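> Below are the sequence and a predicted model for it; my questions follow.
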Amino acid sequence: MSELDVAMLQHMLNIVSKEQRPFYFGDFMRFEVDGKEYRMAHGTYRNKVSRFIREEKVEFDHNYGGTAYHTIKGRKFGKQMTLAHTGGLFSSSKVGRQTPLYTWLKNLPVERQSLHNIRLRFESQGIWEVFSVAYPDLINSTNQDISLKPWVFHSDIESVVTVHHTDTVSIALACSCQPIATNINGLLDCIEVLVRIEERLAMIANDICKKTESSIVVSIPSFRRWIGVLWHFAVDGVYSYKGEAFCINFEEGVSDIYTIYTKRMKNGSLKPRIERQEYSNNPFVDIFMQKLYPGGHLTDVI
């Protein structure tokens, strides 16, 4: 399989197992796996999904409004939602001011804007060689990447570090059930996690080099320089949602994909969530500060 094939299958598995939903072309227009960004035309997506179906890796789930949804083989979801609750890839005109959806969204009380599913990366020369000596059992036989066991430095944020054989390090911050608010407290929580990841990686690298008497000097760059590759920018409804679960995707412009869906929280309740997947090649701390200080003005000091 090609690198793109492996990345597609991993992204499909993440959507099906973690988000508990089938996938469609909109999920693959632009996506990130293991710190690397991929883009795909509709024709390429269609051809690869057709091949995965023949290879019995993927199966058709259902069709809605002309949009085909697929899933991992054996993980059937089915068309569980009604026309009033779900949809395929909508244009903004279908969420116009005269629709019930617009009225509902307009009157939906929401919490503070927040970030989750954050993906960062940085470069560190020689780090894969050093970590491969200490963690040979964690080396992925397919791509040679080393995924460390998750670290939880903050009760609501799980950190997963992957050292790629290219000496790129990718970091995933999982906090979907308790997103990081774009306010001062959220900034401090985020910085605390990033600082502790930086310190932990530096400590591990130094210990390995000392024990193995390696001549390689691994330098972990400051978290301030880590690139924010991808994140979800979202708001949750204040109150729990009592109706049927739903997921609506719609597009604005050429590449922006927005999603409105019900998120199951840790206590089992459902909350409506509105989010946009965003990308960048800038330091993540700068990105966070731009969310906090849009236009140079502090928007929330609580």
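Noted; the coordinates are in hand. Residues are numbered from 1 along each chain as shown.
> Just give the closest residue to residue 288, not the sequence neighbours.
residue 187 (5.9 Å; Cβ to Cβ, 6 or more residues apart in numbering). Bear in mind the C-beta positions are built from the backbone N, C-alpha and C, glycine included.
> In a helix, that neighbour, correct?
Yes: counting by DSSP: H, G, I helix; E, B strand; the rest coil, residue 187 is found in a helix.
> Contact partners for it?
Counting by Cβ atoms under 8 Å, 6 or more residues apart in numbering, residue 187 touches 288-289, 292.
> Quick one: these as a markdown table, columns for secondary structure, neighbour count and pLDDT too.
Listed next are the contacts of residue 187 as a markdown table, based on DSSP: H, G, I helix; E, B strand; the rest coil; neighbours: other Cβ atoms under 10 Å; pLDDT from 0 to 100:
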| residue | secondary structure | neighbour count | pLDDT |
| --- | --- | --- | --- |
| 288 | helix | 21 | 93 |
| 289 | helix | 13 | 91 |
| 292 | helix | 19 | 86 |
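> Centre-most residue in the chain?
residue 117 (3.8 Å; Cα atoms, centre = their mean).
> thinking that residue is in contact with residue 229, fair?
No: the criterion here is Cβ atoms under 8 Å, and residue 117 misses it with residue 229 at 10.9 Å.
> looking at it, residue 222 is touching residue 197, isn't it?
No: under the criterion of Cβ under 8 Å, residue 222 makes no contact with residue 197, lying 11.5 Å away.
> who's more crowded, those two?
Just comparing residue 222 and residue 197: by other Cβ atoms under 10 Å the higher neighbour count belongs to residue 197, 21 against 12.
> Tell me how many other residues surround the nearest residue in space to residue 30 that is not next to it in sequence.
Closest residue to residue 30 apart from its sequence neighbours, by Cβ to Cβ, 6+ apart: residue 39 at 5.1 Å. For residue 39, the tally of surrounding residues (other Cβ under 10 Å) stands at 10.
> Check the gap between residue 39 and residue 4 for me.
Note on residue 39: its distance to residue 4, by Cβ to Cβ, to the nearest Å, is 10 Å.
> Could you check the helix or strand harbouring residue 162 and say which residues are buried?
Take DSSP states H and E as the rule and residue 162 turns out to sit in strand 157-163. Neighbour-count burial for strand 157-163, counted by 16 or more other Cβ atoms under 10 Å, picks out 157-159, 161-163.
> Among these, find me the one that's closest to residue 13.
Taking Cβ to Cβ as the measure, residue 162 is the one of those closest to residue 13, at 15.4 Å.
> Now do the contacts for that closest one.
Neighbouring residues of residue 162 by Cβ under 8 Å, 6+ apart: 34-35, 145-148, 169-172.
> okay, who's weakest in those residues by pLDDT?
The pLDDT minimum for these sits at residue 35, where the score is 65.
> circling back: any idea how far the residue nearest to residue 288 lies from residue 112?
Using Cβ to Cβ, we find residue 187 at a distance of 12 Å from residue 112.
> Residue 5 now?
Distance from residue 5 to residue 112, by Cβ to Cβ: 39 Å.
> Are we agreed that residue 8 is in a helix?
Yes: looking at residue 8 with three-state DSSP, it is inside a helix.
> Provide a list of residues in contact with it.
28, 38, 40, 48, 52 are the contacts of residue 8 under Cβ under 8 Å, 6+ apart.
> how close does the third one get to residue 269?
Note on residue 40: its distance to residue 269, by Cβ to Cβ, is 35 Å.
> mind listing what residue 228 touches?
With contact taken as Cβ under 8 Å, 6+ apart, residue 228 is in contact with 118-120, 280, 282-284, 287.
> Please indicate which of these are buried?
Looking at the contacts of residue 228 with 16+ other Cβ under 10 Å, the buried ones turn out to be 118-120, 283-284, 287.
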